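Q: Give the three-dimensional model of this entry:
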Amino acid sequence: MKFEKYKLKNISGGNEQIVIADESKFTIDYKNLLNPAQYDAVCATEGAFLIIAGAGTGKTRALVYRVARLIESGYDPSSILLLTFTRKAAREMMNRASVLLDARCAKINGGTFHSFANATLRKYCNHINLNPGFTILDQGDSEDVINLIRAQSGLVTKDKRFPNKSTLLRIYSLSINTGRTFEDVVITEFPHFYAYMSEIGQMFNMYINYKQRNSLLDYDDLLLHLLKFLTDLSPAAKNFLSGIKFVMVDEYQDTNKLQGEVTQALTALTKNIMVVGDDAQSIYAFRGANFKNIIDFPKLFENVQIIKLEENYRSTPSILDFANKIYESAVEKFEKNLFTYRSGGELPAIVATLNDNLQSKFIIDQVLELREQGVPLKEMAVLFRSSFFSFDLEIELNKANIPFVKFGGMKFVETAHIKDAIAFLRITLNPTDMVSWYRILLLHEGVGPKTAHRIMDLITTGKIKMSENPESNSLIKGNEKIFPLFQLAFNLNKKSLTPTDMAQMALDYYMPLFHNKYDDFNKRRKDLEIFLNITENYRDLENLLADMAIEPPIDSVVDIGDEDKQDEYLTLSTIHSAKGLEWHTVFIIHAIDGFFPFSKAFDSLENLEEERRLMYVAVTRAKQNLFISYPMNIYDREAGTTYSKPSRFLNNITSTQARGLLLEE
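A: Next up, the predicted model:
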């Protein structure tokens, strides 16, 4: 019988405690229930360990079994800290460990970085000059505080285009979580506010002081105060750290700079740390995640042992070969090669279609065919780099009566700026559409609810008519705020105009209002261009607006008669929102250079590499079928129809890794 020795260091001095694990008495047969790499990870005890867990390789299983094995080895459950990114993930792991072993597993310290920080600060607030009754601000609360300060500061005047409350909070939070100055965040993310750098800085100082005066902590403060408490190493901090023997962090590739520093501080005494993650799935830089946290882990901790989980339990061999090829050209990475003992499965397909609309129709044909073969709609997903790529597909799905749910971004007709644009066209078709009138009127500076209702009364009583030139109406003429609007409404009523002509006229008028309303107008502008492209498919305004108004007909599947299928739907999702999920069949659309990878990523190797990782994440969501499609022709209002170039991430794919399909009609 072979025995393993486990040493617990008594950091407060004195003799070392030794826990000898008698594996013959373990209730779980770890060796036979895990693959060799998982077993190595589960048996890893003292020291620093980096578990590189490829997509679908059972990293959650490894974490759960390690918790169980540590407890079976005799360690106190309360000495184990498991940090995750959602409370749901922590609960699931602790529940699985409890089912696997016993209720002791529920006694470990498990939770998110922020929940752990809150519990710690509550316990030790007297040692760090915090009011025991401090209040935590959620995102909405923080925005409201900033808005209050914004209104009372005297820094904002009507003649200044100053960031709104959500933009200010985003700048502040990004600065804290990435370790960058707020000036750097403004320059890189919101350069159009560069002129107000001084005022933004003053407002942030007011925000910090306001929180301190009123014993308020926002989400970022929780981690900042925790980090200070840990790094000061006061007697209280040493006592606290002495009770944590093992630190485990899930999804480490998604941690930001501040979370990485907290992780280091937690292991200052015991040095026992295990982080689990996949460098190939680091895709949240826009939220402050730092790719370098996982890449530099071996440099930041002593004698790091790297264990790679490469056996995939999700996908077919051909999908994994495709994924490996995509990531093969990554500049900075941990070498790994996903493999599976599964067999079968067709080669992934790279599908070239003549245009965007044919791409949508190809997907619908495939979805219906797979549905006939018995693949449920819920086992299929269409993934895209950006939310607006699915707009044409959404319209075609509505026409085909295929229910869908969209994740990661608003549906086309639900985005505020598209609602604005459609409102101009709706009043053209129906001049008494007061919902659209109210929306449009409130876009105008100086027009509030009272004024809007007064104007709407004039429209409903016929004192203002769209069919009459506003030049001849004394109620409108001379009113600088609304006269241009009614001039537009009159011009939109001309019979010879196509839907695209009307949309273009409306957007030309809307652009100044659009820039004034949305701080992130640069990101939203592409949606309006896509909207214009969609109007090209229509000859009359009524059909265009009818298609736009139709909600995904989820209720219509009741007619199928199978109660179990009432909630069946096709998933449409951004790749960011799809991470961690899987489907039988996955479609990745708009794999075009400039679209995916996104054109803005061309300026930086770092950004381009994140786009590559995004493609890797998308590909590895597929279990059985994978289709990657792109339209060969892209329509642009200014440049007309131009030829597209397939995504550079597909350049090295050969006929042994994918089959090519061409759809021209």
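
Q: From now on I want contacts and neighbour counts done on CA atoms only, so please keep to that.
A: Noted.

Q: Need the pLDDT of Thr157.
A: As predicted, Thr157 sits at a pLDDT of 68.

Q: can you pull the contacts of Val30?
A: No Val there; residue 30 is Tyr. With contacts defined as Cα atoms under 8 Å, 6 or more residues apart in numbering, Tyr30 is in contact with 39, 65.

Q: going forward, begin numbering at 352 instead of 1
A: Sounds good: first residue 352 from here, last item Tyr381.

Q: and the gap between it and Tyr426?
A: Applying Cα to Cα, to the nearest Å, the value for Tyr381 to Tyr426 is 17 Å.

Q: how would you label Lys657: helix, strand or coil?
A: Not Lys; residue 657 is Ile. The assignment at Ile657 comes out as strand when based on DSSP: H, G, I helix; E, B strand; the rest coil.

Q: residues near Pro782, how many?
A: Pro782: 18 surrounding residues under other Cα atoms under 10 Å.

Q: Please look at it and Ser818 and confirm they touch.
A: No - in terms of Cα atoms under 8 Å, Pro782 does not count as a neighbour of Ser818; the distance is 9.4 Å.

Q: what's the helix or strand that contains Ala441 packed up against?
A: Assigning secondary structure by DSSP states H and E places Ala441 in helix 438-451. For helix 438-451, the packing partners by 3 or more Cα pairs under 8 Å, 6 or more residues apart in numbering; DSSP states H and E come out as helix 410-423, strand 431-435, strand 460-463.

Q: please redo it, this time with the cut-off set to 7 Å
A: Helix 438-451 makes packing contacts with helix 410-423, strand 460-463 when contacts are defined by 3 or more Cα pairs under 7 Å, 6 or more residues apart in numbering; DSSP states H and E.

Q: And the contacts of the strand or helix carrying Ala674?
A: Under DSSP H and E, the secondary-structure element containing Ala674 is helix 668-679. Where contact means Cα atoms under 7 Å, 6 or more residues apart in numbering, the residues beyond helix 668-679 that reach it are 688-691, 693-694, 696, 698-699, 967, 970-971, 1000, 1004, 1008.

Q: just the buried members of these?
A: Among the contacts of helix 668-679, those buried by neighbour count (16 or more other Cα atoms under 10 Å) are 688-691, 698-699, 967, 970-971, 1000, 1004, 1008.

Q: okay if I get those as JSON lines plus distance to Leu883?
A: JSON lines is the format used below for the buried ones among the contacts of helix 668-679 (distance: Cα to Cα, whole Å):
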{"residue": "Asn688", "distance to Leu883": "44"}
{"residue": "Leu689", "distance to Leu883": "43"}
{"residue": "Phe690", "distance to Leu883": "45"}
{"residue": "Thr691", "distance to Leu883": "45"}
{"residue": "Leu698", "distance to Leu883": "36"}
{"residue": "Pro699", "distance to Leu883": "33"}
{"residue": "Tyr967", "distance to Leu883": "31"}
{"residue": "Val970", "distance to Leu883": "30"}
{"residue": "Thr971", "distance to Leu883": "33"}
{"residue": "Phe1000", "distance to Leu883": "29"}
{"residue": "Ile1004", "distance to Leu883": "34"}
{"residue": "Gln1008", "distance to Leu883": "37"}
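
Q: Among those residues, name the ones in helices.
A: With helices defined by DSSP state H, the entries of those inside them are 967, 970.

Q: Show me where the stretch 902-1016 of the chain has its helices.
A: In order along the chain, the stretch 902-1016 of the chain carries the following helices (DSSP state H, counting those that start in this stretch): 926-929, 956-970.

Q: most packed of the ones you listed?
A: The highest average neighbour count among the helices of the stretch 902-1016 of the chain, using mean count of other Cα atoms under 10 Å, belongs to helix 956-970 at a mean of 21.

Q: ok so, going back, among the buried ones among the contacts of helix 668-679, which two are most distant?
A: The largest distance within those, taken as Cα to Cα, falls between Thr691 and Phe1000 and amounts to 23.0 Å.

Q: Distance of Asp672 relative to Ala973?
A: In this view, Asp672 and Ala973 are 12 Å apart by Cα to Cα.

Q: Looking at these two, which is more packed in?
A: For Asp672 versus Ala973, neighbours defined as other Cα under 10 Å are more numerous around Ala973 (26 against 20).

Q: OK, contacts around the more buried one?
A: 666, 933-937 are the contacts of Ala973 under Cα under 7 Å, 6+ apart.

Q: can you list the helices and strands packed on helix 438-451 in a markdown table and add distance to Pro948 and mean pLDDT?
A: Supplementary listing: the helices and strands packed on helix 438-451 in a markdown table, determined by distance: least, Cα to Cα, whole Å; pLDDT from 0 to 100:
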| stretch | distance to Pro948 | mean pLDDT |
| --- | --- | --- |
| helix 410-423 | 28 | 90 |
| strand 460-463 | 32 | 83 |
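
Q: So for Phe713, which of these sits nearest?
A: Closest to Phe713 of the helices and strands packed on helix 438-451 is helix 410-423 (Cα to Cα; 35.4 Å).

Q: Can you name every helix or strand that that closest one contacts?
A: Here helix 410-423 is seen to pack against helix 387-394, helix 438-451 when contacts are counted using 3+ Cα pairs under 7 Å, 6+ apart.
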